[in-house]
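Asks: coordinates for the following, if possible.
(2 chains)
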Amino acid sequence: TQLLEQSPQFLSIQEGENLTVYCNSSSVFSSLQWYRQEPGEGPVLLVTVVTGGEVKKLKRLTFQFGDARKDSSLHITAAQPGDTGLYLCAGGELTGGGNKLTFGTGTQLKVEL
Amino acid sequence: IAGITQAPTSQILAAGRRMTLRCTQDMRHNAMYWYRQDLGLGLRLIHYSNTAGTTGKGEVPDGYSVSRANTDDFPLTLASAVPSQTSVYFCASSPQSGRFDEQFFGPGTRLTVL
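Replies: Numbering: from 1, shown residues only, chains lettered A, B, ... in the order given. Now for the predicted structure:
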């Protein structure tokens, strides 16, 4: 079983601060997805990165896939209370049946006013 | 468009009882998945189905069974519930139309086994 470790597990910051969440594995993935989950709901996809070294930006969120496709980071600039939620990375493996995802352990982010 | 619906929303169950969690999608997606979510462990795959009529085991399949009689429905059954199956259960689907498909999740079922 491939493992994806996320750090930190919990993060509480003030509005306007910057933060970075890390997702690390010893295994190579064909793709890396980031999801955000709000209380009482299922995860929702934020981004998919597929090329080693790839960087994608989504407004104040910057996602990077490691050169070796074993790790990823999510950087949030000027965090806002609306960014509060559980962030999950998920490594994708291409199988005969499609894209199988292995989820990370999650980072719970709280942004306070 | 409803997307994925799950039922019940929550349930308290006595140990040893049988329970079926329901999942229905209206997106005509080929693949469906069941995950359990526990604090500090993220989402762990229980069972999956790449297409109607086929199922496969995920990371933590013991104590659970699934069936996929048609495209839309993917029920998860606990034959004899145990307290360690207390968790939040999420059903998901994906179109399997591309190499890096997104998974779409239902709202979850919170299950407590006493």
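
Asks: just the pLDDT for the residue positioned nearest the centre of chain B.
Replies: In chain B, the residue lying closest to the centroid (Cα atoms, centre = their mean) is B:W34, at 2.7 Å. Looking at B:W34, its pLDDT stands at 97.

Asks: do the same with B:S97
Replies: With respect to pLDDT, B:S97 scores 65.

Asks: contacting residues for B:Q103?
Replies: A:43, A:45, A:101, B:33, B:92-94 (Cβ atoms under 8 Å, 6 or more residues apart in numbering or on different chains). (Glycine included, C-beta is placed from N, CA and C.)

Asks: hey, where'd the strands end up in the chain?
Replies: Defaulting to chain A. Ranges of strands within chain A are A:5-7, A:10-14, A:19-24, A:31-37, A:44-49, A:55-58, A:61-65, A:71-76, A:85-95, A:98-103, A:107-112, based on DSSP state E.

Asks: wrong one, chain B
Replies: Under the criterion DSSP E, chain B carries strands at the ranges B:4-7, B:10-13, B:19-25, B:31-38, B:42-49, B:56-57, B:64-66, B:76-78, B:87-94, B:104-105, B:109-113.

Asks: residues from chain B in reach of chain A?
Replies: B:4, B:30-31, B:35, B:40-45, B:48, B:50-51, B:56, B:59, B:90, B:92, B:94, B:96, B:98-108 (Cβ under 8 Å from any Cβ of the partner chain).

Asks: ok so, going back, pretty sure the residue nearest to the centre of chain B is in contact with B:S65, am I right?
Replies: No - using Cβ atoms under 8 Å as the test, B:W34 is too far from B:S65 to be in contact (10.3 Å).

Asks: shared neighbours of these two, anything?
Replies: Joint contacts of B:W34 and B:S65 (Cβ under 8 Å, 6+ apart) are B:47, B:76.

Asks: least confident secondary structure element in chain A?
Replies: Ranked by mean pLDDT, DSSP states H and E, the weakest helix or strand in chain A is strand A:98-103, scoring a mean of 83.

Asks: in chain B, what residue lies closest to chain A?
Replies: Scanning chain B for the residue nearest chain A gives B:F105, at 2.8 Å (criterion: Cβ to the nearest Cβ).

Asks: once you drop chain neighbours, what's closest to that residue?
Replies: A:G42 (2.8 Å; Cβ to Cβ, 6 or more residues apart in numbering or on different chains).

Asks: next, count neighbours for the one you found.
Replies: 23 (other Cβ atoms under 10 Å in any protein chain shown).
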